[in-house]
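S.K.: show me the folded form of this:
(one chain, ligands or ions: 1)
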Amino acid sequence: MKVAALAGGVGAGKFLRGLVRVVPPEAVTVIVNTGDDLTLHGLHVSPDLDSVTYWLSDLADRDRGWGRRDETFRALEEVRRLGGDPWFSLGDLDLGTHLTRTHWLHEGGTLSEATDRIRTALGIRSVILPMSDQQITTWIDAIDEESGGALSIPFQVYWVARGARDEVKSVRFEGFDRARPAPGAEEAIGDADVVVICPSNPVVSVGPILAVPGLRAAVEVRKDSVVGVSPIVRGAPVAGMADRLMPAAGLEVTASGAAAAYRGLLAAWVIDERDAELGPGIEEDLGIRVGITDTLMTDDRAAERVARAALSLLDG
Ligand code: FO1
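M.R.: Numbers count the residues shown, from 1 in each chain. Got it, this is the predicted structure:
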């Protein structure tokens, strides 16, 4: 069975570790959001690509969710001592990834090529693709918490530098009109037996992927084979900031609201057992099948259970 997975960061990383216990890792192609990418200290940083890569290679820090396990931050401490502004915490091991990727990009390689070299070097057998080799940037239009004025900032400035304190008005994807899907992304979706939408933020993780010209249409034609997993449990995101961003996109912060983000793209949706009462409403509203399980992925066994629940919904 071939699987194509649309993925953001932490929730997707955890889920994918379960997925590759259910299907052979080499049968999985992961298409990852790069709308959060940023340039820091001259380095190209791809937080969601790195989260997926670190989780699949079992190098991720399970407690923090992002970055490397057994990480140190000595280089950034030095940046601070010298008067630089290390507002985004890049660990010493993580910096090795950014240095290598940036070097290959400067040599003329593409982000897909760099991503493939990194995942191969780390022994990952699944294919990991950025959504596009062209830069698409997620911008947040918000109200400045201090001045009350309008603010337009890249996603990581909103989330990390400003601690998500500003009220979000809208989310924009800059550059998508000049972007193409990464080589192999449309084919992976077209060839897959199952397309999985990972438990990621529908607005700023999966939203940018679907904004890449051609990718929404590629998923739409496969909608009878698409299953998603809710990132929302009991009205709150399991990780991240979906509660601040979904209302700005006109979505209720519930498992139903997250499903509604994919109206017309899904055959099935997995919700948490704590939200079981929402199941019939989602089935009726979206005309899809709903599966119910414990979706909290505290370890790989739990993630495997969620992956099995998702895949079994499309059986027969
Ligand atoms: N998130 C934070 O809240 N603070 C950080 O300093 C931070 C650094 C960081 C470095 C590398 C990386 O791959 C991810 C990092 N993240 C950090 C996570 C990231 O900001 C977001 O959680 C994801 O982009 C959302 O999917």
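S.K.: residues of the chain that sit close to the ligand?
M.R.: Contact residues (Cβ under 6 Å from any ligand atom) of the chain with the ligand: 8-9, 36, 47-48, 50-51, 66-67, 88-90, 94, 156, 159-160, 205, 240. Quick note: C-beta positions are derived from backbone N, CA and C, even for glycine.
S.K.: apply 5 Å and report the result again.
M.R.: With the criterion set to Cβ under 5 Å from any ligand atom, the chain comes near the ligand through Gly9, Asp36, Pro47, Asp50, Trp66, Phe88, Ser89, Val160.
S.K.: tell me the helices and strands packed up against the lowest-mean-pLDDT helix or strand in the chain.
M.R.: Each helix and strand of the chain was given a mean pLDDT (mean pLDDT, DSSP states H and E); the minimum falls on strand 236-237 at a mean of 78. Where contact means 3 or more Cβ pairs under 8 Å, 6 or more residues apart in numbering; DSSP states H and E, strand 236-237 is not packed against any helix or strand.
S.K.: who does that strand pair up with?
M.R.: With DSSP bridges as the test, strand 236-237 is paired with strand 232-233 (antiparallel).
S.K.: how about the nearest residue to Asp58, chain neighbours excluded?
M.R.: Arg17 (7.7 Å; Cβ to Cβ, 6 or more residues apart in numbering).
S.K.: if I look at that neighbour, how far off is Ala4?
M.R.: Distance of Arg17 to Ala4, given as Cβ to Cβ, to the nearest Å: 17 Å.
S.K.: so the two - more neighbours on which side?
M.R.: Between Arg17 and Ala4, counted using other Cβ atoms under 10 Å, the more crowded position is Ala4 (29 against 21).
S.K.: test my guess that the more buried one contacts Val196.
M.R.: Yes - at 7.3 Å, Ala4 and Val196 qualify as touching, with contact defined as Cβ atoms under 8 Å.
S.K.: pLDDT value on Ala60, please?
M.R.: We have a pLDDT of 98 for Ala60.
S.K.: check contacts around it.
M.R.: Gly13, Ser51, Tyr54, Trp66, Gly67, Arg68, Arg69 (Cβ atoms under 8 Å, 6 or more residues apart in numbering).
S.K.: how about low-confidence regions in the stretch 201-316 of the chain?
M.R.: Residues of the stretch 201-316 of the chain that meet the criterion pLDDT under 70 lie in 316.
S.K.: where along the protein do the strands fall?
M.R.: 3-7, 28-32, 38-40, 43-45, 127-130, 137-143, 150-154, 167-174, 194-197, 226-229, 232-233, 236-237, 268-272, 289-293 (DSSP state E).
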